[in-house]
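Asker: Predicted model and sequence below, questions to follow.
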Amino acid sequence: MLDVRADFPILERQINGKPIVYLDSAATSLKPRCVIDAVTNFYTLHTANVHRAVHALAEEATEQFEDTRRVLARLINCDENEAVFVRGTTEAINMVHRCYPGLKRSVTTAIEHHSNLLPWGFGPDRHIVSVDAEGRIDMDALDAVLAGGIDLVAVSHVSNAIGAVQPIKDIIDRAHAAGALVLVDAAQSAPHLPLDVKELDVDFLGFSAHKMLGPGGIGCLYAKAEHLDKMSTWMLGGHVVDQVHREGYTLQEVPHRFEAGTPAIEAVIGWGAALRYLAGIGLDNVHEHDRELVTYARNRLSDIDHVKLIGPTDPQRSGSAVSFQVDGLEAHGVARMLNNRENIMVRSGFHCAQPLHESLDLLPTVRASFYVYNTKEEVDSLAQCLEAVIQFL
Amino acid sequence: MYSWLLQKLALPTVSRVTSSKFWDDYQEMLRADQAPLEQQKALQWQRLQSMLDHAYETVPFHRQRFDAAGIKPSDISSYEDLLRIPPSTKIDIQANFPDRVASSIGDQDAWRYVSTSGTANRLMVIQDFRKRDMVRASTTRSLALSGDYAVGKTIVEIPPDICNIVCGAEGESLDGVFPQIASMVKHRELTDPKAISSLRGRIERNWVFRKKTYQPFGPQGTNLTEEHMQGYVDSLLRDRPYLLKALPTYLFEIARYVERKGIEPLPVQVIKPMGASISPSMRDAIERSFTGQFREEYGSAEFGDMACDGPERDGLHVFMDLFLVEVVRDGKHAKDGELGRVLITDLMNKAMPLIRYDIGDIARMSPAPASAKRQGTRLWVEGRADDTLVTAEGQVFTSDKVMDFFYKRTDVDQFQLLETRPGKLDLLIVPSNGSVRGAGIEDELRGFLQSEVDVTLYEVKTIKPEASGKFRFVQSKSHDRLGHEVTHA
């Protein structure tokens, strides 16, 4: 198990005299001191716009900003020019939908976050493949849809709602064999698993900084260079153009042509610190830590009467979240009681995946999600608090 | 005929053949209301002492607090003695819920979790079957005291807008009785206690109280489109309910739409507020737009109805057989008619006793009998304590008072007064026509508050509700001064 709690200042906070137990990292992660320091340091010493001026502060800011792109590219094994800064995973998906030509026939799955459902529309050319109670995609159904002619498969690597991990390489290979491109929503996998876009041969991959220890409002769209070359720009303005004349303009090279206006500079720089921090721990170790916690949590919670675990039973197919229901108690009620009694912070509801709940006939669930700073003792706190609450059912 | 059958045949039969005593309780409450004051007080005190004994013996939270205060239930022998019991707050209850605030005895299979509306800060309580019967009975009693209500007359509710789809909040099921029976047959749940309980709830909702629920205004706030407002009018003209119960802001906006459009007063016999108090000018506007009378009541999901007014409009008459209500100020009982915080002791919920619970409201109270007919304690609730402005000079302005100041103005359609720090106010105004800039409204507000507060005026198109779906038209940062620096009320 990792031992990094001292790096996270917020964990020193107490509410009503008790420490906080943060089990909502699938929503957003806590921030280590190095990220907070990087953002503060930028404001304190380096504030300037990027890619513009020739003065010292601007050069320092640009260097720090672009350094994040370099670190990012190394982390997922892509070229720096294939990493486009966007506001987050949602924007990455929408950008592909809006800017890549010819994506008329798409297929997605019932387990997707709303962000990977809504952009693809609801017409006859949009297909949704079912999943089973453990979140496994119906691969036969996927093959059948692919055989009918599909331009793009849009699929999440790890479910935010129930933590199911998809066999993403297999899906990509099947799609490519059928002539389809693949977009992977990696919002829940990039923070927790080593990803190699070359090895996966994925066409598009989106993820967010705030779920991987970085600041909010920034994320990445990875796209193969040949795809970026085909994509149109969706916003025009400062930085996206090389030259502008009364008669017209020429665009910058990729990825800059997709980053209109002044970006969230301090967020990008903070993300760089987060990525270096994660690289220092090693994403293999993060993955192992998560798996141990999830296995422990599932075992611990499965021993409690009235608690019904939702999602994958195989630890190899589990991400970093455990979802459950409590017989006789509304999910929001459970979450409130955990918060009110012991400052245990979990998510409750549909987790922006209402079609999944509908297709599996599931009422809203409670989700405990873990990251590098969580411990088995915190899982014990969750279990003990649930036991205390449930004794009255 | 339908009501007659319900009252004379169906409900008495249900009382005889099932464990539900709702109808018997209701009859007993009507008798209690007619009893002499001394008899009412005796019943109240007897139930209080029983509840204190029960709480001390079976609820760790209460035992610990009694012990910490160095008292036992037997030490509480007068109204003044109650002051020795520390008040409990929402934070206390939430931090100890459920195991340390619920009774260690009782039929836990018959317990049910109940919570107030809203999403984040709801207080959850446990009610036993007996308490649930009492809640139903006291609701019916409030209706009976409102006029010529008979069980079976149509009720329309417009509850606050809470996120009930995307956010996954599960509320009361609005489905009918037959779909539930069909589901029970299909899933072979005819003897399942949960399914039966759900069926009972639907029968009560659809057949006994004949409730219809209209869609709330939604997150866009107070100023809906004319088409939307006309939808409410058309629905009410179609349903012609005996009772319309809705968030006061909804009632007020519908009333003003009716007036603005010159529509004949809508055929509703009784109008009641839900989830918040109402100011006198709002009540007047509502009564002009409906054929019936506005009736106030005081209650919540966790307690049920606690008080209601009658045709005499002489305050909210506390249901003394079910609750002991105190109004306190500076740790003492407020004087007759003096403003203070409301503390509630529920005399009936043995599953989870709530004793001297600070419900967050401020009110005035009078023990003086209103009339020979209704002799009990009366209450005048003036809003939430958190919404009360206290000026540097110690003047207290409840949200009701502030609402009246604005709603009397013809140039203001809606408003919101946000105290960003004591003495600094952001004033949001939805103008009735054109602009209110330059109308001197800031100076008039200063004059009303009798204080040189800093007021910044913003014109807006709508006032939005909070996440709970309720509207807070006054948000105070100075309410902490209540009970400390108050010199005048």
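Answerer: That came in fine, so what should we check first?
Asker: How many neighbouring residues does B:Arg31 have?
Answerer: 9 (other CB atoms under 10 Å in any protein chain shown). C-beta here means a position set from N, CA and C on the backbone, and glycine is covered the same way.
Asker: Hmm, I typed the wrong one, I wanted A:Arg5.
Answerer: By other CB under 10 Å, 14 other residues sit near A:Arg5.
Asker: same thing with A:Asp290?
Answerer: 25.
Asker: and it, what is it in contact with?
Answerer: Going by CB atoms under 8 Å, 6 or more residues apart in numbering or on different chains, A:Asp290 touches A:His192, A:Gly319, A:Ser320, A:Phe370, A:Tyr371.
Asker: just the residues you listed now: which is nearest B:Lys72?
Answerer: Nearest to B:Lys72 among the contacts of A:Asp290 is A:Phe370, at 46.9 Å by CB to CB.
Asker: shouldn't the closest one be in contact with A:Arg298?
Answerer: No. At 11.4 Å, A:Phe370 does not count as touching A:Arg298 under the criterion of CB atoms under 8 Å.
Asker: who's more crowded, those two?
Answerer: Remark: of A:Phe370 and A:Arg298, A:Phe370 carries more neighbours, 28 against 20, as counted by other CB under 10 Å.
Asker: give the contact list for the more buried one.
Answerer: Neighbouring residues of A:Phe370 by CB under 8 Å, 6+ apart: A:Leu23, A:Ser25, A:Asp290, A:Leu293, A:Val294, A:Ala297, A:Ser320, A:Ala321.
Asker: quick one: secondary structure of the third one?
Answerer: Right, the one you point to is A:Asp290. Following DSSP: H, G, I helix; E, B strand; the rest coil, the label given to A:Asp290 is helix.
Asker: now the contacts of A:Asp290 as CSV including pLDDT, secondary structure and distance to B:Arg130?
Answerer: Formatted as CSV, those follow (pLDDT from 0 to 100; DSSP: H, G, I helix; E, B strand; the rest coil; distance: CB to CB, whole Å):
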residue, pLDDT, secondary structure, distance to B:Arg130
A:His192, 97, coil, 50
A:Gly319, 94, coil, 46
A:Ser320, 96, coil, 45
A:Phe370, 98, coil, 43
A:Tyr371, 98, coil, 46
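Asker: quick one: which of the contacts of A:Phe370 has the most company?
Answerer: For the contacts of A:Phe370, neighbours were counted using other CB under 10 Å, and A:Ala321 has the most, 30 neighbours in all.
Asker: any idea which helix or strand comes after the helix or strand encompassing B:Asp33?
Answerer: Here B:Asp33 sits within helix B:22-34, counting by DSSP states H and E. Counting by DSSP H and E, the element after helix B:22-34 in chain order, helix or strand, is helix B:37-58.
Asker: And the next helix or strand after that next one, what does it pack against?
Answerer: For helix B:37-58, the following helix or strand on the C-terminal side (DSSP H and E) is helix B:60-69. The contact analysis (3 or more CB pairs under 8 Å, 6 or more residues apart in numbering or on different chains; DSSP states H and E) places helix B:60-69 against helix B:37-58, helix B:90-96.
Asker: Figure out which of these is closest to chain A.
Answerer: helix B:90-96 (3.5 Å; CB to the nearest CB).
Asker: what are the pairing partners of the following helix or strand past that closest one, and which direction each?
Answerer: For helix B:90-96, the following helix or strand on the C-terminal side (DSSP H and E) is strand B:112-115. When pairing is defined by DSSP bridges, strand B:112-115 lines up against strand B:124-127 (antiparallel).
Asker: about what we covered before: in strands, which of the contacts of A:Phe370 fall?
Answerer: If you go by DSSP state E, those have A:Ala321 in strands.
Asker: What segments of the stretch 301-450 of chain B are strands?
Answerer: Assigned by DSSP state E, counting those that start in this stretch, the strands in the stretch 301-450 of chain B fall at B:304-308, B:316-318, B:323-329, B:332-333, B:340-346, B:357-366, B:378-384, B:389-390, B:396-397, B:412-421, B:424-431.
Asker: Return the residues of the stretch 1-150 of chain A in contact with chain B.
Answerer: Within reach of chain B by CB under 8 Å from any CB of the partner chain, the stretch 1-150 of chain A has these residues: A:Asn16.
Asker: Show me the shaky parts of the stretch 1-150 of chain A.
Answerer: Within the stretch 1-150 of chain A, no range satisfies pLDDT under 70.
Asker: redo that, cut-off 90
Answerer: For the stretch 1-150 of chain A, residues meeting the criterion pLDDT under 90 lie at A:16, A:51-54, A:121-124.
Asker: for it, what spans make up the helices?
Answerer: Using DSSP state H, counting those that start in this stretch, the helices of the stretch 1-150 of chain A run over residues A:33-41, A:56-76, A:89-99, A:139-147.
Asker: Who does the closest residue to B:Val402 other than its chain neighbours form a beta bridge with?
Answerer: Take B:Val402 and drop its neighbours on the chain: the residue closest to it by CB to CB, 6 or more residues apart in numbering or on different chains is B:Val474, 4.9 Å away. Taking DSSP bridges as the rule, B:Val474 bridges to B:Leu417.
Asker: Now for B:Val474, how many residues are close by?
Answerer: For B:Val474, using other CB under 10 Å, the count is 25.
Asker: list the contacts for it?
Answerer: By CB under 8 Å, 6+ apart, the contact set of B:Val474 is B:Gly383, B:Asp387, B:Thr388, B:Leu389, B:Ser399, B:Val402, B:Met403, B:Gln416, B:Leu417, B:Glu419.
Asker: who's in contact with residue 159?
Answerer: In the absence of a named chain, chain A is used. A:Ile111, A:Gly135, A:Val165, A:Gln166, A:Gln188, A:Gly311, A:Gly319, A:Ala321, A:Ala353, A:Leu356.
Asker: I was thinking of chain B, sorry if that wasn't clear
Answerer: Counting by CB under 8 Å, 6+ apart, B:Pro159 touches B:Ser117, B:Thr213, B:Pro216, B:Ala246, B:Leu247, B:Met274, B:Gly275, B:Gly469.
Asker: Filter the residues you listed down to the ones in strands?
Answerer: Under the assignment DSSP E, those contribute B:Thr213, B:Ala246 to strands.
Asker: what about burial for the contacts of B:Pro159, which qualify?
Answerer: Among the contacts of B:Pro159, those classed as buried by 16 or more other CB atoms under 10 Å in any protein chain shown are B:Ser117, B:Pro216, B:Ala246, B:Leu247, B:Met274, B:Gly275, B:Gly469.
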